[in-house]
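Trainee: sequence first, predicted coordinates after that:
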Amino acid sequence: YDLRAAPRCVAQGAALEFAEAAPGVFVHRGMIAEPTAGNGGDVANIAFVIGAESVAVIDSGSARWIGESVWRAIRARTDLPVSHLVLTHMHPDHVLGASLFAQADTIIVGHAGLERALADRRDNYLESLQGLIGDAAFIGTDTVRVHQPVSDPVEIDLGGRRIALHAWAPAHTGTDLTAQDLDSGLLFTGDLVFDVHTPALDGSVVGWQSVLAEMAALPVSQVMPGHGGPLLEWPQGSEPMQRYLEVLAADTRAAIAAGQRLGNAVQEIARSEATRWQLFDAYNARNATVAFTELEWE
């Protein structure tokens, strides 16, 4: 590129669509789909909160282009610095858009176990995503370091507006973190709560049931789930998740008690839930495998 050349205009990239859910709180609903070249990996919910002094983003999407599109959406509304990016858990559709924010000196916040989990899975996540969304949408995508690991409850301050963070015991994954905007009361659950999209178990079914029961008692009126919504009434919004996990655990225990082999059992476990969720066949057998492996040692 010739720095001596005259300035010229170039096309500005698109900004991701966000709706204002509460004063200063903006939410984006990802597609209920697997990442593909057609959707570029835009399959997870994302939010940002504007304080008096800075902005916090909740999750970054699955590729750098999504992070860039979030940045443009923020800049359409405020010139304040983006001080924090909160990553709710380790799954690639929520964290792999973070490289843009890391380069902008944003503080990356996550569960205390997140950085190690991403380091262990980095190569697999990147190779898989590139194959799914294609080279063009994948450009610049990578994992990032966690600057602020969270193990105990803590708050971040955006200038008169605080975000409360809570790291949970293994549930959806071993790295689940929620963020609550204390001004609006809105809770960003990450994938601890699914809506429409079949839940994905990558941690502990028993732990997930326990965490949801604890979350149901929180003084929260609405939540933004990791998929679906984008807003759910609370605690009513947890009822489909609780039912699914109850069926998953009960069917798994019954299969184990009957002496079924894992390969046969996973085809039947939680099959009664199939019509209640989208992407059921893509996720339920894997959920049953994880649950079977956990519960056979009870």
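Mentor: Ah, there it is. Numbering: from 1, shown residues only.
Trainee: partner strands of the longest strand seen in the chain, with direction?
Mentor: For the chain, the longest strand by residue count, based on DSSP state E, is strand 187-194. Partner strands for strand 187-194, per DSSP bridges, with pairing direction: strand 177-181 (antiparallel), strand 222-227 (parallel).
Trainee: give the rounded mean pLDDT of the last one.
Mentor: Per-region confidence: strand 222-227 scores 98 on mean pLDDT.
Trainee: gap between it and the chain center?
Mentor: Between the centre of strand 222-227 and the centre of its host chain there is 9 Å, according to Cα atoms, centre = their mean, to the nearest Å.
Trainee: all strands for this structure, in order.
Mentor: Counting by DSSP E, one finds strands in the chain at the ranges 19-22, 25-28, 46-50, 55-58, 82-86, 107-111, 148-150, 154-157, 162-167, 177-181, 187-194, 222-227, 232-233.
Trainee: which residues touch the third one?
Mentor: Just to be clear, that refers to strand 46-50. 16, 18, 21, 24-28, 30, 55-61, 66, 70, 73-74, 77-78, 80, 82, 158, 161, 163, 181, 188, 224 (Cβ atoms under 8 Å, 6 or more residues apart in numbering). (Each C-beta comes from the backbone N, C-alpha and C, glycine too.)
Trainee: with the second one instead?
Mentor: If you take Cβ under 8 Å, 6+ apart as the criterion, strand 25-28 is touched by 16-21, 45-50, 70, 73, 77, 181, 184, 186, 224, 229-231.
Trainee: if we can go back for a sec, ok, which of the strands paired with strand 187-194 comes nearest residue 35?
Mentor: Residue 35 lies closest to strand 222-227 among the strands paired with strand 187-194, at 12.4 Å (Cβ to Cβ).
Trainee: what angle separates the closest one from strand 46-50?
Mentor: Orientation check (axes from the mean of the first three to the mean of the last three Cα atoms, to 10 degrees): strand 222-227 against strand 46-50 gives 140 degrees.
Trainee: other residues contacting strand 222-227?
Mentor: With contact meaning Cβ under 8 Å, 6+ apart, strand 222-227 is reached by 21, 27, 30, 32, 43-45, 47, 58-59, 88, 94, 185-197, 229-234, 237.
Trainee: and if we set it to 7 Å?
Mentor: Strand 222-227 is contacted from outside by 27, 30, 32, 44-45, 47, 88, 94, 186-191, 193-197, 230-234, 237, using Cβ atoms under 7 Å, 6 or more residues apart in numbering.
Trainee: just the buried subset of the residues you listed, written out for ChimeraX, thanks.
Mentor: Once 16 or more other Cβ atoms under 10 Å is used to decide burial, the buried members of those can be selected in ChimeraX as follows:
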select :27,30,32,44,45,47,88,94,186,187,188,189,190,191,193,194,195,197,230,231,232,234,237
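Trainee: in contact with residue 70: list those residues for me.
Mentor: Going by Cβ under 7 Å, 6+ apart, residue 70 touches 16, 46, 48, 57, 60, 61.
Trainee: what about residue 36, how many neighbours?
Mentor: 15 (other Cβ atoms under 10 Å).
Trainee: and it, how far from residue 62?
Mentor: Applying Cβ to Cβ, to the nearest Å, the value for residue 36 to residue 62 is 11 Å.
Trainee: and if you look at residue 254?
Mentor: Spatial separation of residue 254 from residue 62 under the definition Cβ to Cβ is 36 Å.
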